[in-house]
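Undergrad: Got a predicted structure here, sequence first:
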Amino acid sequence: MAVIIGLINLQKAKSKDRYHEQILEELKAKIYSMAIVQNHLHNNKSLVKVELSLYLKEIIQNLHESYDEGKKIKLFLDLDKVVLDISKGIPIGLVANEILTNSFKYAFSENKASNELKVSVKRKLNSVEIKFKDNGTGYNPEELQSGMGLELIQNLTEQIDGSLEIKIDQGVEINIEFPIVD
Ligand SMILES: Nc1ncnc2c1ncn2[C@@H]1O[C@H](COP(=O)(O)OP(=O)(O)O)[C@@H](O)[C@H]1O
Ligand SMILES: [Mg+2]
């Protein structure tokens, strides 16, 4: 995946406008978030398991560094330890990447008193609940130009038999719950 990221960087250097640069930048973030999950596999010396809170933290930090741009976004993380099979770990990493990218890109502005982003992971008996909440502008679902991000979030959540709930009220809150077996 490092090779692919290198190729995208080369293309980006050739791009002549901000629009295409951004598309390539977001493509890179998607691949990078998968690479982060895979890296945790190799570090653990386990072939199939990854620990969600560890790689989620890294995905959040990476996006925070790329998108903060003086908005002084405060992060609140409350992450239970959850060991996942890689077959769920990768889709969840991608879902998190899309949801967080949207919050970082669209929710916040520089002149707001306090920009806050909360992420929590709760380990329940037979499931895991992940909540993402920003206190930003929100959006009107009826006027939405639904892009690839929201579609990916829906498809990937279905892929792991999860449920998806989006609430818009003083920002965007997204709750995802999916089953796990030990
Ligand atoms: N957290 C958020 N805060 C404000 N607006 C949002 C948020 N998430 C999504 N949106 C709005 O929903 C639109 C669709 O998002 P998405 O499907 O990810 O496509 P894209 O990011 O490519 O525009 C965004 O363009 C933005 O207007
Ligand atoms: Mg998006």
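TA: Arrived safely, thanks for sending. Numbers count the residues shown, from 1 in each chain. Ligands and ions are numbered 1, 2, ... in the order given.
Undergrad: any idea whether whichever residue of the chain sits closest to ligand 2 is helix, strand or coil?
TA: As assessed by CB to the ion, ligand 2 sits closest to residue 149 within the chain, at 2.8 Å. To be clear about C-beta, it is placed using only N, CA and C from the backbone, and glycine gets the same treatment. Following DSSP: H, G, I helix; E, B strand; the rest coil, we place residue 149 in the helix state.
Undergrad: who's residue 134 bridged to?
TA: For residue 134, the beta-bridge partners are residue 117 (DSSP bridges).
Undergrad: can you pull the contacts of it?
TA: By CB atoms under 8 Å, 6 or more residues apart in numbering, residue 134 lies in contact with 103, 107-108, 115-118, 171-173.
Undergrad: returning to what we had before: pLDDT wise, what is the residue of the chain closest to ligand 2 at?
TA: We have a pLDDT of 93 for residue 149.
Undergrad: can you check residue 95 too?
TA: With respect to pLDDT, residue 95 has a value of 98.
Undergrad: Nearest residue to it in space, ignoring adjacent ones along the chain?
TA: Among residues not flanking residue 95 along the chain, residue 156 sits closest, at 5.0 Å (CB to CB, 6 or more residues apart in numbering).
Undergrad: Can you say which helix or strand has the one you found in it?
TA: helix 148-159 (DSSP states H and E).
Undergrad: Other residues contacting that helix?
TA: 91-92, 94-95, 98-99, 101-102, 144, 163-164, 174, 176, 178.
Undergrad: what angle do the longest helix seen in the chain and helix 148-159 make?
TA: Assignment by DSSP state H gives helix 18-44 as the longest helix of the chain. Relative orientation of helix 18-44 versus helix 148-159 (axes from the mean of the first three to the mean of the last three CA atoms, to 10 degrees): 30 degrees.
Undergrad: tell me which residues in helix 18-44 are buried?
TA: Neighbour counts over helix 18-44 (16 or more other CB atoms under 10 Å) mark 24-26, 28-34, 36-38, 40-41 as buried.
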